[in-house]
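Trainee: Got a predicted model here, sequence first, then my questions.
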Amino acid sequence: MSWTEHAPILIIAAPLLVSFAIPLLERIDYRVRNAAAVASLVFSIWMVLIVLHKIWVSGPVVYVFGAKSAFLPLPSGFKFPVRIMFEIDHMSAFMALSGSIAATVGVIYSWAFIREKEGGLGKYYSLFLLMSVGMLGMELTGDAFNFFVFLEIASIASFGLIAYRREDPASVEASFKYMIVSTIGAIFVLVAIGFLYGRYDALNMAYIAKHMKLGIVERVAFVLLVVSLAMKAGAVPMHMWVSDAYGRAPAAVTATLVSVSQASLYGLFRVMFSMFGVTMNNHFGGWMLIIFGLLSMFIGVTMAMVQKDIKRLMAYHAISQTGYMLLGVGVGLAVLDNPVALKSYGLAAMTGGIFHIMNHAMYKGLLFLTAGAIFYRLRTFNLNEMGGLARKMKYTTIYFIIGAAAIAGLPPFNGFASKLIIYESVYKFNPLLSVVAMVVSVLTLASFVKVFHSAFLGPEISKVKNVREVPRSMVIGMGVMAVICVLFGLFPGMVVKYLAGPAAASLVNHTAYISSVIGGGM
Amino acid sequence: MWTYITTGSGFWNPIWWLVSFIIVAVFVYNFFGKEVKAKYSPDKMKPFLSGWDEASKEAMQVKASNIYWGFTKAMSGYYRFLGVCHTGIINDYVVWFMAVMVLTFVAFIIA
Amino acid sequence: MFYDLHYITIVFLIALGIYAVMFQHNLIKIAIGIDILESGANLLLIVLGYRNGGVAPIFTMAPQGKTMVLPTPQALTLTAIVIGLATTALMLSLIVMLYRHYGTLDTREIRRLKG
């Protein structure tokens, strides 16, 4: 029992240790290296489940690095939180669970996807584990500068991974474009954190939330943080790097990159709800998220309908589905100050948006992995050159059908459950938003029918004559995500009651977040 | 409680949906699905192709770029505007980012 | 006016960095612009820690009766400088690879991914 009290730090410590040990493990055998990478991430999932159980039993978990208490009592008796800490409540644990499952499936898939003879695989797995560490750290931390450091760890690791295929000029170009925009966003986040530090002399999120008073400096910091984090999550009109980067990274990396962007989305929600939620005009913040959401949904799906490249098409759909999450949580934020509306539809809208985050990681990861499976056999991304794959690649076809039905919102898969909650609760706020969401859903189905027809249906073209099914580890990786899609679709009540519902409630509950650090009153 | 969710104004139970889907699917398959297939001959395809001969199956498949040509043609003005926005030049990515930041700041000061 | 000079310098550096990334077409100039932007952010962090008449925040053999400048921003700046180093190194190596593939350093030419 005593070692599980260190579970929060073990979530990131195990992949971090294995990431640095991989160059040594590689000398023994490449199978040892791959197995160690998978094992460290499975251990992370186990630790996340332990922490989830603890939060369910006794409220948010606070883990201070290096001491028992975050406070440093000064001689005058005034207590001041100086130490770095992890503060994990339901929302953080939910995001960590979704992210760690996506990272584990990505590593299992990479076992067969990146062929040994391509070389440099030790660095690939190292960077992959570092990217997972950055993502999990972003979701667990309670300290603003620590958030910035993990954000940069995840970003820099992903720059290297996107440019993994160095002979392909488009991959290097995609990684460079993503790097420029991401670095500028991260520097703005640093400037905003610097402003907040200058005003409150503290970096601890709970402490800043408690002592926040809105002045011109805090407004500037708010705008910098929100727009930069929305850019990192892929909101329109700052979304152009998403289609380049997701379209050109190796497929296993893209499936995890989706979760890394969702970690920035989590950071955005944490800033808007916990740090600024008490004093700010939440109606304005909510409408800002709603406008980002509407633009993302519509522009994402209309750009996706005309693409010829399968992964670029799926990347535009990722932008569009991020719009659903922003819409759901934005409606919840806009009615945060109105307790009647919050109880009747605000919490439901937030539950829908947050449930959609995990659903999206699962079905979008599954779709990118099937696109990777097609690339593995055909060596092309161009939809005009494919056809008739359903005759040869049966498992991939079934997984693609599950993923496409889930993203379009067809019952009984998980996409329908979260989209239904979003439609019905957003309708009560403003019916027009619900109409746009449904139109976007129909267009999503249309573009995936296009992909299914071009790639899988139709006569067998000459290129496809000799393809077989993809290797076993890729089928297993895709299978895990497909099983989760079907399970969450058949038992949505379980997810809403134990995972998404408490996460929405904990985002709204400022006092629990603050008082678990700065205990007692006020 | 595990299988259904209540949204604000209704509820959804996927197990009932799945059971009714299976019942209806079995019924439809037994009642309507067992028809005799007609025999294929090339003359039967001629009316659909305006009298042309049928080319190989591979050449007859509609390619992905041509599938939604009606939709694309009807919204060609909108897509031309989007094409202007998505140039692919890195400077434009940063210009959009700064423009959104300035707009948000102005809106925040006013509202 | 003179005690605001550091803040004016920070705004100038950040504006210069943003101008370079928005309007310069040479990839190396964009990389230099990002470097200037990072320097502006680091300067902001150090300036926020300054206290009037303070000495360096070293604990051993500290002079009695004097205020020290805040040590936390110095730690933050060290971290940010290291992050900037990693980013600049990776950016420059990607520029080398881009030059080998495309033969040019102009952003208007390196546009294979568009639309």
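Mentor: Received it, and whenever you're ready, just let me know what you need.

Trainee: all helices of chain C, in order?
Mentor: For chain C, applying DSSP state H gives helices covering C:5-23, C:27-48, C:72-102.

Trainee: Most proximal residue of chain C with respect to chain B?
Mentor: C:K114 (3.0 Å; C-beta to the nearest C-beta). Bear in mind the C-beta positions are built from the backbone N, C-alpha and C, glycine included.

Trainee: separation between that residue and B:C85?
Mentor: To B:C85, C:K114 is 11 Å away according to C-beta to C-beta, to the nearest Å.

Trainee: can you check A:I476 too?
Mentor: For A:I476 relative to B:C85 (C-beta to C-beta), the value is 41 Å.

Trainee: next one: A:T256
Mentor: For A:T256, the distance to B:C85 - C-beta to C-beta - is 29 Å.

Trainee: So which of the two has more stuff around it?
Mentor: A:T256 (28 against 14; other C-beta atoms under 10 Å in any protein chain shown).

Trainee: Give me every residue in the stretch 301-450 of chain A lying close to chain B.
Mentor: A:302-303, A:305-306, A:308, A:344-345, A:348, A:352, A:383-384, A:387, A:411-412, A:416-417, A:420-421, A:424-425, A:427-428, A:446, A:450 (C-beta under 8 Å from any C-beta of the partner chain).

Trainee: Repeat that for chain C.
Mentor: So chain C meets chain B at C:18, C:21-25, C:30, C:107-108, C:110-115 (C-beta under 8 Å from any C-beta).

Trainee: where along the chain do the strands fall?
Mentor: Reading this off chain A. Here chain A has its strands, by DSSP state E, at A:61-64, A:71-73, A:79-81, A:85-88.

Trainee: please go with chain B instead
Mentor: According to DSSP E, the strands that chain B contains are B:5-7, B:10-12.

Trainee: if you average pLDDT over the last one, what comes out?
Mentor: With pLDDT averaged residue by residue, strand B:10-12 scores 82.

Trainee: what does it rub up against?
Mentor: Outside strand B:10-12, the residues that touch it by C-beta atoms under 8 Å, 6 or more residues apart in numbering or on different chains are A:F416, A:A417, A:L420, A:E424, A:P492, B:Y4, B:I5.

Trainee: taking those one by one, which sit in helices?
Mentor: Checking the contacts of strand B:10-12 against DSSP H, those in helices are A:F416, A:A417, A:L420, A:E424, A:P492.

Trainee: coming back round to it: same list (the strands of chain B) but as a markdown table, adding mean neighbour count and distance to A:V191.
Mentor: As requested, those are exported to a markdown table (neighbours: other C-beta atoms under 10 Å in any protein chain shown; distance: least, C-beta to C-beta, whole Å):
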| stretch | mean neighbour count | distance to A:V191 |
| --- | --- | --- |
| strand B:5-7 | 21 | 41 |
| strand B:10-12 | 13 | 45 |
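
Trainee: show me the contacts for A:M275.
Mentor: A:M205, A:I208, A:A209, A:M212.

Trainee: Can I get the buried ones among those as something I can paste into PyMOL?
Mentor: To isolate the buried ones among the contacts of A:M275 in PyMOL, judged by 16 or more other C-beta atoms under 10 Å in any protein chain shown, type:
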select buried, chain A and resi 205+208+209+212
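
Trainee: from the contacts of A:M275, which is closest to chain B?
Mentor: Distances from chain B to these, taken by C-beta to the nearest C-beta, are shortest for A:M212, at 15.5 Å.

Trainee: All good on my end, thank you.
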